[in-house]
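K.L.:
After the sequence you'll find the predicted model.
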Amino acid sequence: MGREQWKKIWIGSAGNMVEWYDWFVYASFATYFAGAFFPHGNPTAQMMNTAGIFAVGFFMRPVGGWLLGRVGDRQGRKAALTLTVTLMSASAVLIAVAPTYGVAGYGGALVLLLARLLQGLSVGGEYAASATYLTEASDPRRRGFASSFQYVSMTAGQIVGLGLQILLQRTMSDDVLHSWGWRIPFVVGALGAAVIFYLRRSMLETEVYEADDSGGAERGTLRALWAHKREALLVMALTMGGTVAYYTYTTYLTKYLSNSAGLPKRTATLVSFTALIVFACLQPLAGRLSDRIGRRPLLITFAVGSTLLTVPILTLLRHAGSFWPALGLSLLALVVVTGYTSINACVKAELFPTGVRALGVALPYALANALFGGTAEYVALWFKNAGIESGFFWYVAACAAVSLVVYVSMRETRDLDLTRVKNAEVSTPAPAS
C-alpha cells in the first residue's frame, strides 16, 4: 500500500476517531451526568432517561444518512467528511455548556437532546462517508484491510474516551465528577474536532469518485437508491445482528459490569478499556484475512458465535466478580464481534455503484442502527427494570440469528470491481464458491 493511500486512510480514520469519541463519550460518562439533567430519584430511571436521549440521536441518523450521503455522492467524499466533523464539534460544545436541572429545570435536558440530534445527524453521514472513502482509497486487493481501520478509529475514539474517564476517576472525587468533571471530555471533543476540520480541508478525493461520470442529476438521490433497493435491504439485514452485538459489548458493557455484575465503576471502566485495546488491534488482522478468504466466512463466524455464545457470556459476566474473569469474557465476546466489525464497512460499500455508494451505505445502515443499535442499551435497561434481564441476552442472540440467514445466502463481494458494480451483480443471493 503506497504512501498516498496511507495518508488518505490516516486522515479519514483520524476524523472518524474524533467523531466516535464524541458519540461514545456520552454513553461512557452517562453514569456521572444522568442525575444532572433529571430530578433525583431512581438511579435506573435516570439512566433510562439518558439512554432514551442517547437512542433519540440514532433516530436522527437516517436523516443524516440521507442528507450527508447525498452530499457525499454529489459533492464528493471530502465535502461530506468535512461537514460531519463540523456538526459534531457543535454538538460537543452544546453538551459541555448545558445547564443542569437545578439551574434550568428540563431546559438542560432539551439542550442535551438538541446536541444528540446534531450528533445523530453528523454520525449518520460520517459512517457512510468514511466507509466509502476508506474502501475507494485502498488497493482493490486490500479493501478489507484498509476499511477495517474504520472500526480501529471508532474503537480508538472510545478508548480515548475511556482513558480520559480513568484519568478523571483517579484525579477527581466522585462528587466533583458528578458536579462538573463530566463536562471535560466534551470540551476535549470540541477541540479535537476543530483540529480534524483543518486536516480534512486538505484531504485528497478518491480516484474512484473522480473518475466516475455516471448518474448525472440522479447521483445521490433516493430515486437512484431505489434502483438498488435489494442491496439497501441487504445492508439493513446484515447490520442488524452486528450493531446490536457491537453496542452491547462496547457502549453498554461498562454499565452492565457496574450495575448488574456489581463491579466498582473504576474496575468496570478498566475492563472495557483493556478489552477495547485488544479489539482495535484485531480489526486489521481480520480485515486482511477477509482479503484472502472472502467476507462471508468472517460474517458467518460472527453470526454463529454470537447466536450460540451471547447468552452464556452475558450470564457469566453477571457473576464475574472481579477484573480478570470479566476481562476474559469481554475479550471472548469482542473476538466474535470482530467477524462483523472488521469488514462490514467494505462489504456495504462493495454492494453499490459509485454514484449512489455513500447514500446506499448511509441510509439503510442508519435505519438499522436506529432500530437496533441505538435502542440496544435502552432495551437492556428495560429488561433489567422489568426484572427479567436475561431476556435481553436472548434478544441479542436472536438478532444475530436473523443476520446469519442473510450472511449464508448473500453473494461474496471481495472481488467486485468498484468502478463496474451494477445492480444485477449483487442483488441475487448466491453462495460463493
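P.N.:
Received it, and whenever you're ready, just let me know what you need. Keep in mind that this is a model prediction, so the values were computed, not measured.

K.L.:
Thr254: which element?
P.N.:
helix 253-259 (DSSP states H and E).

K.L.:
name the helices or strands packed onto that helix?
P.N.:
Applying 3 or more C-beta pairs under 8 Å, 6 or more residues apart in numbering; DSSP states H and E, one finds that helix 253-259 contacts helix 30-33, helix 43-74, helix 265-293, helix 296-318, helix 376-385. Glycine gets a C-beta too; all of them are placed from N, C-alpha and C.

K.L.:
Can you redo those helices as TSV, where the extra columns are mean neighbour count and mean pLDDT?
P.N.:
Output for the helices and strands packed on helix 253-259, formatted as TSV (neighbours: other C-beta atoms under 10 Å; pLDDT from 0 to 100):
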stretch	mean neighbour count	mean pLDDT
helix 30-33	23	79
helix 43-74	22	80
helix 265-293	20	94
helix 296-318	20	97
helix 376-385	21	90
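
K.L.:
re the thing from before, tell me the mean pLDDT for the helix holding Thr254?
P.N.:
Per-residue pLDDT over helix 253-259 has a mean of 90.

K.L.:
about what we covered before: so for Leu332, which of the helices and strands packed on helix 253-259 sits nearest?
P.N.:
helix 296-318 (6.3 Å; C-beta to C-beta).

K.L.:
before we move on, back to that, and the contacts of the helix holding Thr254?
P.N.:
Residues from elsewhere that reach helix 253-259 (C-beta atoms under 8 Å, 6 or more residues apart in numbering): 27-28, 30-31, 44, 47, 162, 263-265, 267-269, 271-272, 275, 314, 317-318, 320, 326, 330, 377, 380, 384.

K.L.:
repeat that for 7 Å
P.N.:
With contacts defined as C-beta atoms under 7 Å, 6 or more residues apart in numbering, helix 253-259 is touched by Ser28, Thr31, Leu263, Lys265, Ala268, Thr269, Val271, Ser272, Leu317, Ala326, Ser330.

K.L.:
Over to stretch 232-244?
P.N.:
225, 302-303, 306, 340-341, 344, 348, 351, 360-361, 364-365, 367-369, 372-373, 376, 396, 399-400, 402-403, 406-407, 410.

K.L.:
Surely Arg74 touches Gly220?
P.N.:
Yes - contact criterion C-beta atoms under 7 Å: Arg74 and Gly220 qualify, at 4.4 Å.

K.L.:
returning to what we had before: among the contacts of helix 253-259, which one sits closest to Gln119?
P.N.:
Distances from Gln119 to the contacts of helix 253-259, taken by C-beta to C-beta, are shortest for Ser28, at 14.1 Å.

K.L.:
Now do the phi/psi pair for the closest one.
P.N.:
With angles defined as degrees, to the nearest 10, Ser28 sits at phi -70, psi -30.

K.L.:
One more: Arg295?
P.N.:
The phi/psi pair for Arg295 (degrees, to the nearest 10) reads phi -80, psi -40.

K.L.:
That one: how many residues sit nearby?
P.N.:
A count of nearby residues for Arg295, using other C-beta atoms under 10 Å, gives 27.

K.L.:
on that earlier part again, among the helices and strands packed on helix 253-259, which is nearest Gly102?
P.N.:
Nearest of those (C-beta to C-beta): helix 30-33, 12.6 Å.

K.L.:
got a list of contacts for that closest one?
P.N.:
Met47, Thr50, Leu177, His178, Trp182, Lys255, Ser258, Lys265.

K.L.:
Please determine how far the second one is located from Ser28.
P.N.:
Distance, Thr50 to Ser28, by C-beta to C-beta, to the nearest Å: 12 Å.

K.L.:
can you check the fifth one too?
P.N.:
For Trp182, the distance to Ser28 equals 10 Å [C-beta to C-beta].

K.L.:
now Gly161
P.N.:
According to C-beta to C-beta, Gly161 stands 5 Å off from Ser28.

K.L.:
in the stretch 301-433 of the chain, what spans have low per-residue confidence?
P.N.:
Across the stretch 301-433 of the chain, the ranges flagged by pLDDT under 70 are 420-433.

K.L.:
For Phe352, give me phi and psi.
P.N.:
Residue torsions, per degrees, to the nearest 10, at Phe352 are phi -120, psi 150.

K.L.:
how deep is the nearest residue in space to it that is not next to it in sequence tucked in, by neighbour count?
P.N.:
Counting by C-beta to C-beta, 6 or more residues apart in numbering, the nearest residue to Phe352 once its immediate chain neighbours are dropped is Gly360, at 3.6 Å. If you count neighbours by other C-beta under 10 Å, Gly360 ends up with 29.

K.L.:
Tell me the helices and strands packed up against the helix or strand hosting Gly360.
P.N.:
Using DSSP H and E, Gly360 sits in helix 357-368. Counting contacts by 3 or more C-beta pairs under 7 Å, 6 or more residues apart in numbering; DSSP states H and E, helix 357-368 is packed against helix 43-74, helix 107-136, helix 222-226, helix 229-249, helix 344-350.

K.L.:
Is it possible to get a markdown table of the ones you listed that adds distance to Tyr151?
P.N.:
Converted to a markdown table, the helices and strands packed on helix 357-368 look like this (distance: least, C-beta to C-beta, whole Å):
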| stretch | distance to Tyr151 |
| --- | --- |
| helix 43-74 | 17 |
| helix 107-136 | 10 |
| helix 222-226 | 24 |
| helix 229-249 | 9 |
| helix 344-350 | 7 |
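
K.L.:
Looking at those helices, which is nearest to Leu81?
P.N.:
Closest approach to Leu81 among those is made by helix 107-136 (4.9 Å; C-beta to C-beta).

K.L.:
Would you mark the buried spots in the closest one?
P.N.:
Using 16 or more other C-beta atoms under 10 Å as the test for burial, helix 107-136 gives 108-109, 111-113, 115-136.

K.L.:
Let's have the helices and strands packed on helix 253-259 in TSV, adding distance to Tyr198.
P.N.:
Formatted as TSV, the helices and strands packed on helix 253-259 follow (distance: least, C-beta to C-beta, whole Å):
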stretch	distance to Tyr198
helix 30-33	29
helix 43-74	20
helix 265-293	25
helix 296-318	36
helix 376-385	33
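
K.L.:
among those, which is nearest Lys229?
P.N.:
Comparing the helices and strands packed on helix 253-259 against Lys229 with C-beta to C-beta, the closest turns out to be helix 43-74 (14.7 Å).

K.L.:
by how many degrees do the helix or strand following that closest one and helix 357-368 diverge?
P.N.:
Per DSSP H and E, helix 43-74 leads on to helix 77-97 as the next helix or strand towards the C-terminus. On the basis of axes from the mean of the first three to the mean of the last three C-alpha atoms, to 10 degrees, helix 77-97 is oriented at 40 degrees to helix 357-368.

K.L.:
can you offset everything so residue one is 43?
P.N.:
Okay, residue one is now 43; in that scheme the one you just asked about reads as helix 119-139.

K.L.:
Just the angle for helix 119-139 relative to helix 149-178, thanks.
P.N.:
Going by the same axes, to 10 degrees, helix 119-139 makes 160 degrees with helix 149-178.

K.L.:
Nothing else from me, thank you.
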